[in-house]
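give me coordinates for this.
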Amino acid sequence: MAFGGNALIRQGEEGTQTEQIENSDRLARRLLHFVEKDYDLLLVHGNGPQVGNILIQVEEAVTKVPPLSLDVCVALSEGSIGYLLERSLLNQLRARKIRREVVTLITQVLVARSDPGFRKPTKPIGPFYTRYRADYLMKRQGWLMVEDSGRGYRKVVPSPRPRMVLSLPAIRNELRNGCIVIAGGGGGIPVIRNEDGYLRGVEAVIDKDYTAGLLASELVPDLFAILTGVDQVFLNFGRSDQVRVERLPLAEARRHLKDGQFPAGSMGPKMETAIEFVEGTGREVLITSVDRLKDALAGRAGTRIVPDLRRSGPVKRGKGR
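Here you go, the predicted structure:
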């Protein structure tokens, strides 16, 4: 199950620790519905608002403490978000007298040095800067900065595709042991291998939907759910003629993606991930919101990306519970 960092910092909130704890508790209550149905759970969360806040803290304290690289900031957000989710889940398990363990894995994800994303960074992150400060950072730090909608300048970084989740064997093992696993947070910590084969962190961010899709394709779960800010997928979203979609066959999903129905900054990565998963496994993907998750599981909400009626080629089979 993949969900954004906005699940813990909702629209209109300040993002205080108290708000994030309350939202984490709320999410845990909904996730326990799956545990009660004897599903194993692998959770992949986003970290956009949280890592942005960490970067603001780094910038504000730059004259007092040494700055942190982006890969370390991602790791910090993985740990803090994982802790909040883990604690909320453990409390809900105790309240319902369910004996399950929860584990958070700080996850390194391998990306390719030749990935096109490194040649053209496009992902804005962190605080807004004045033109003067942006010029200084570009000269001193070598950052690439862009003007963002008249609000100031922001750093842009590469967003490469994930190639391998390095802790996959550990994730698989913990799931086999019956643990609820939180992994790949924020898309994982982006690392490359140098000429000697050693790992090195890079200044980049990985889309958590792509990492969730990579994990799902390796593990082949009974259900791959992508949680977002809307109850289901729409065509012509935001227009007077928008249309709800309850079921989207693979060929139609490909066509609508190609036609620009799903923008790169919002539904695009989710739909690309869903298409790749359905193509590779022959199973379905459920896209819905946190609030409608239970209804979507029962077929009363959400959008399911499904295989075409006629499908050729091998289908991988995974472990069910």
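
elements contacting the worst-scoring helix or strand of the chain on mean pLDDT?
The weakest-scoring helix or strand in the chain, judged by mean pLDDT, DSSP states H and E, is strand 123-129 (a mean of 84). When contacts are defined as 3 or more C-beta pairs under 8 Å, 6 or more residues apart in numbering; DSSP states H and E, strand 123-129 sits against helix 48-60, strand 153-157. In short, each C-beta sits where N, CA and C put it, glycine included.

what is the burial count for residue 248?
Residue 248 is flanked by 23 other residues according to other C-beta atoms under 10 Å.

for the protein, which segments count as helices?
17-36, 48-60, 70-95, 116-119, 131-140, 168-176, 208-219, 250-258, 267-281, 293-297 (DSSP state H).

in CSV: the ones you listed, plus mean pLDDT and mean neighbour count.
Output for the helices of the chain, formatted as CSV (pLDDT from 0 to 100; neighbours: other C-beta atoms under 10 Å):
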stretch, mean pLDDT, mean neighbour count
helix 17-36, 93, 17
helix 48-60, 89, 18
helix 70-95, 97, 20
helix 116-119, 92, 14
helix 131-140, 88, 13
helix 168-176, 97, 16
helix 208-219, 96, 24
helix 250-258, 96, 16
helix 267-281, 95, 21
helix 293-297, 90, 18
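
one step back: and the angle from the least confident helix or strand of the chain to strand 153-157?
150 degrees (axes from the mean of the first three to the mean of the last three C-alpha atoms, to 10 degrees).

parallel or antiparallel, list what pairs with strand 123-129.
If you go by DSSP bridges, strand 123-129 pairs up with strand 153-157 (antiparallel).

pLDDT on the strand it pairs with, on average?
Strand 153-157 comes out with an average pLDDT of 89.

neighbouring contacts of it?
70, 121-131, 133-134, 137, 143-148, 203-205 (C-beta atoms under 8 Å, 6 or more residues apart in numbering).

list buried residues within those residues.
Neighbour-count burial (16 or more other C-beta atoms under 10 Å) applied to those gives 70, 121, 123-129, 134, 137, 143-145, 203-205.

for stretch 97-108, buried residues please.
Under the neighbour-count criterion of 16+ other C-beta under 10 Å, stretch 97-108 has 102, 103, 104, 105, 106, 107, 108 buried.

show residues contacting that stretch.
With C-beta under 8 Å, 6+ apart as the contact definition, stretch 97-108 has outside contacts at 32, 35-36, 75, 78-79, 82-83, 85-86, 89-90, 93, 165-167, 170-171, 174, 177-185, 188-189, 191, 199.

distance from the centroid: which residue in this structure tops it?
Here the chain reaches farthest from its C-alpha mean at residue 132, the gap being 33.4 Å by C-alpha atoms, centre = their mean.

distance of it from residue 152?
Look at residue 132 and residue 152: by C-beta to C-beta, to the nearest Å, they are 11 Å apart.

residues near the residue nearest to residue 288 when sequence neighbours are not counted, how many?
With C-beta to C-beta, 6 or more residues apart in numbering as the criterion, residue 288 has its nearest non-adjacent residue at 3.3 Å, and that residue is residue 302. Neighbourhood size, residue 302 [other C-beta under 10 Å]: 27.

check contacts around the residue positioned nearest the centre of the chain.
The residue lying closest to the centre of the chain (C-alpha atoms, centre = their mean) is residue 208, at 2.6 Å. Applying C-beta under 8 Å, 6+ apart to residue 208 gives the contacts 2, 4, 44, 45, 46, 47, 184, 185, 186, 187.

can we see that at 7 Å?
By C-beta atoms under 7 Å, 6 or more residues apart in numbering, the contact list for residue 208 reads 2, 44, 45, 46, 184, 186, 187.

near the second one, how many other residues are there?
The reference is to residue 44. Applying other C-beta under 10 Å, I find that residue 44 has 26 neighbouring residues.

now swap in the last one and tell me
By other C-beta under 10 Å, 32 other residues sit near residue 187.

run a quick neighbour tally on the closest residue to it other than its chain neighbours.
Closest residue to residue 187 apart from its sequence neighbours, by C-beta to C-beta, 6+ apart: residue 206 at 3.2 Å. Per other C-beta under 10 Å, the neighbour tally for residue 206 reads 25.

backbone phi and psi for residue 206, please?
phi -110, psi 130 (degrees, to the nearest 10).
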